[in-house]
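need a structure here:
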Amino acid sequence: MASLLPEMSPVLHILCGKIAAGKSTLAADLARSPQTVLIAEDDWLNVLFADELVSLPDYVRCSSKLAGIMAPHVAALLNAGVSVVLDFPANTVEQRAWSRGIIEKTTAAHQLHFLDVPDEACLARLRERNCQGDHPFAVTEAQFRQFSSHFQAPLLGEGFNVVRHEACG
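Predicted coordinates for the structure are as follows:
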């Protein structure tokens, strides 16, 4: 994928897509770029709050705590000239506003990667991921549907540079 961004400008890569849409896989690919670091919410939540994550309200509470400390950290990395792949879901207008707040504290460029993958494909990937057991969190179909009911695709008026990724075959 060719980028329209200046070669030397740090970039904040933001990810939007339902559970098992391929956000972490894309994040790992993006993080292979020079002077780029990956910060993955699932890894941090697993280490800091695994025993506390049972329900959607638990996730919201713990994720909010993590976001509070990560925002200034990510802004500092960007201001130091390091690109950041933020593997945190930007799946609601509110979550994307948090990302927007980071961008506004920097001179970095940004890309909002929107993984537009049908629910059936996400659920098939989720089942496979759960069977492999290598992801920090196993998610049930009911949890997938609960989280997906809050999903909001990015809107033009939000002002992001959106890169759309559609499901393949």
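
from here on, contacts and neighbour counts on C-alpha atoms
OK.

contacting residues around the strand or helix carrying residue 85?
Using DSSP states H and E, residue 85 falls within strand 83-89. Contact with strand 83-89 is made by 10-17, 23-24, 27, 30-31, 35-42, 74, 77-78, 95, as judged by CA atoms under 8 Å, 6 or more residues apart in numbering.

In the chain, what residue spans correspond to strands?
Along the chain, counting by DSSP state E, strands occupy 11-16, 36-40, 83-89, 109-116, 162-166.

Buried deepest among these, which one?
strand 11-16 (a mean of 26; mean count of other CA atoms under 10 Å).

Average pLDDT for that strand, rounded please.
The pLDDT scores in strand 11-16 average 98.

Now do it: everything it contacts.
With CA under 8 Å, 6+ apart as the criterion, strand 11-16 contacts 23, 27, 78, 82-91, 99, 103, 108-115, 153-154.

what are the pairing partners of that strand, and which direction each?
strand 83-89 (parallel), strand 109-116 (parallel) (DSSP bridges).

can you list those strands in CSV and add distance to residue 139 and mean pLDDT?
Formatted as CSV, the strands paired with strand 11-16 follow (distance: least, CA to CA, whole Å; pLDDT from 0 to 100):
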stretch, distance to residue 139, mean pLDDT
strand 83-89, 15, 96
strand 109-116, 19, 97
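
Mind putting these into TSV with distance to residue 166?
TSV is the format used below for those (distance: least, CA to CA, whole Å):
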stretch	distance to residue 166
strand 83-89	17
strand 109-116	5
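
Mind checking those for the one nearest to residue 146?
Of all the strands paired with strand 11-16, strand 83-89 sits nearest to residue 146, with 14.8 Å by CA to CA.

send the alpha carbons of that closest one over as CSV?
The C-alpha coordinates for strand 83-89 follow below in CSV (Å, rounded to 0.1, in the frame of the first residue of the first chain):
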residue,chain,number,x,y,z
SER,A,83,5.6,6.9,14.4
VAL,A,84,3.1,5.0,16.5
VAL,A,85,0.7,2.2,15.5
LEU,A,86,-2.0,2.5,18.1
ASP,A,87,-3.7,-0.9,18.3
PHE,A,88,-6.5,0.5,20.4
PRO,A,89,-10.0,0.3,19.0
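
Hey, what's the angle from that strand to strand 36-40? Just curious.
Orientation check (axes from the mean of the first three to the mean of the last three CA atoms, to 10 degrees): strand 83-89 against strand 36-40 gives 20 degrees.

Check the offset of strand 83-89 from the chain's centre.
6 Å (CA atoms, centre = their mean, to the nearest Å).

Next: stretch 67-85.
Counting by CA atoms, centre = their mean, stretch 67-85 comes out at 14 Å from the chain centroid.
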